[in-house]
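Student: From the sequence below, what's the structure:
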Amino acid sequence: MKSYSTFIVTFLILVNSLSFAFGQDITLSWDPSPTAGVDGYKVYYKHGDMILPFDGSGAQEGPSPVDVGDTLSTTLTGLNDGVTYYFSVTAYQDPDVESTFSNIVSNSWLPALSIPDNNATDEPVPVTFRWETAPSGYDVNYTLFYGTDRDEVTSATAITLPPPSPKNRIIPIGLVLILTLFLLKQLKYRPLIAAQQFMNPVYTLMIVVLAGGILSACGGGGGGGGETSTERSATSTETSEPDSVLYSINKGSSDYHQAFDLTGSTTYYWKVVATDTQDPNLTYESEVRSFTTEDF
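Tutor: Next up is the predicted model:
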């Protein structure tokens with residue numbers, strides 16, 4: 001029976017991805033495990049999503065996991081061209097003792113999580129979340145998810161609301177035009193009487209309706225940018241487990257968030273989802289990391 005050790009692979013990077021007529025070759029490299037006595041490393045891969053298990057196939061080196069021996073880099077060849085793959089590495093001491101998984105990388109861009117460090121302990125509150133922004137050519141907004149249930153965070157998705165339908169604005173626009181023409185007529189032909197009538201409650205009500213109609217026709221105003229407005233967009237979802245909570249925070253183009261609403265001695269899981277501003281169905285999802293807050 002396989003057991004998982006506490007020794008780790010510190011960091012995995014994707015070095016290169018080359019496409020050929022018969023497929024793509026992907027080169028990976030990683031830092032050595034800081035634990036002595038490592039016999040070798042295994043490369044796990046799959047396509048479609050980054051949810052474990054990584055049980056992919058198609059590489060000429062074999063199905064996942066690929067035992068690459070005691071080396072710190074390898075190339076998987078013959079993978080399907082145009083397909084997004086996800087990779088992670090483990091270290092092993094013998095066939096039955098294996099480390100936890102490294103960070104996850106992909107041949108497509110993914111938001112890389114910077115801080116807090118994965119599996120960090122005694123993390124002081126407030127906690128600062130930070131991630132790397134997209135490279136040139138990407139136009140995305142970021143949604144931060146964090147909570148106390150790993151499955152909840154893993155399955156959470158960014159929700160983009162569609163813009164208001166133009167049909168909903170027909171009535172407000174028509175009402176605005178009618179009231180505007182009526183008031184202009186009053187001012188043009190009877191300016192003094194009209195001015196006196198504006199003191200009448202009926203005319204006052206019409207002016208209020210007119211102003212409201214203008215705002216409705218224009219679609220209303222949006223919330224201001226900055227940290228305050230994004231913090232207020234946080235939503236808490238109670239799950240079947242009474243102590244489980246999930247926060248979803250729309251960060252726009254920002255690459256960090258400071259959370260004051262965390263409890264002490266609690267393990268949290270977090271990830272970032274980047275959503276294309278032109279195509280809400282095009283998203284880039286980071287790996288899920290964890291940390292434990294300090295006792296206070």
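
Student: Ranking helices and strands of the protein by mean pLDDT, which lands last?
Tutor: helix 227-232 (a mean of 38; mean pLDDT, DSSP states H and E).

Student: just for this protein, where's the confidence low?
Tutor: Within the chain, the stretches with pLDDT under 70 are 1-11, 14-22, 159-242.

Student: how is it carved up into domains?
Tutor: As assigned by automatic domain parsing, the chain contains the domains 1-108, 111-164+219-296, 166-217.

Student: gap between the two ends of the longest one?
Tutor: Spelled out, that is domain 111-164+219-296. 31 Å (CA to CA, to the nearest Å).

Student: mind listing the helices for the stretch 1-150 of the chain?
Tutor: Remark: helices assigned in the stretch 1-150 of the chain by DSSP state H, counting those that start in this stretch are 150-155.

Student: so what's residue 270 closest to, chain neighbours aside?
Tutor: Nearest residue to residue 270, sequence neighbours excluded (CB to CB, 6 or more residues apart in numbering): residue 146, at 3.8 Å. For the C-beta atoms, the positions are set from N, CA and C on the backbone; glycine is no exception.

Student: how about the one you found, what does it touch?
Tutor: Neighbouring residues of residue 146 by CB atoms under 8 Å, 6 or more residues apart in numbering: 129, 153, 246-247, 259, 268-271.

Student: Residue 296 too?
Tutor: Counting by CB under 8 Å, 6+ apart, the residues that residue 296 touches are 125, 264.

Student: same check, this time on residue 71
Tutor: By CB under 8 Å, 6+ apart, the residues touching residue 71 are 40-41.

Student: want to throw the contacts of residue 146 into a markdown table with neighbour count and distance to residue 47?
Tutor: Listed next are the contacts of residue 146 as a markdown table, based on neighbours: other CB atoms under 10 Å; distance: CB to CB, whole Å:
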| residue | neighbour count | distance to residue 47 |
| --- | --- | --- |
| 129 | 23 | 28 |
| 153 | 21 | 22 |
| 246 | 19 | 27 |
| 247 | 22 | 30 |
| 259 | 19 | 33 |
| 268 | 24 | 29 |
| 269 | 20 | 24 |
| 270 | 24 | 24 |
| 271 | 22 | 19 |
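
Student: From those, which land in strands?
Tutor: Among the contacts of residue 146, DSSP state E puts 129, 246-247, 259, 268-271 in strands.

Student: Out of these, which comes closest to residue 120?
Tutor: Lowest distance from residue 120 to the ones in strands among the contacts of residue 146 (CB to CB) belongs to residue 268, with 10.1 Å.

Student: List the beta-bridge partners for that closest one.
Tutor: residue 291 (DSSP bridges).

Student: roughly how far apart are it and residue 101?
Tutor: Using CB to CB, to the nearest Å, we find residue 268 at a distance of 19 Å from residue 101.

Student: repeat for residue 147
Tutor: 20 Å.

Student: which one of the two has more residues nearby?
Tutor: Taking neighbours as other CB atoms under 10 Å, residue 147 and residue 101 compare with residue 147 leading, 21 against 18.

Student: what pairs with the nearest residue in space to the more buried one that is not next to it in sequence across the strands?
Tutor: Once flanking residues are discounted, residue 147 sits nearest to residue 246: 3.6 Å by CB to CB, 6+ apart. Beta bridges link residue 246 to residue 147, residue 237, judged by DSSP bridges.
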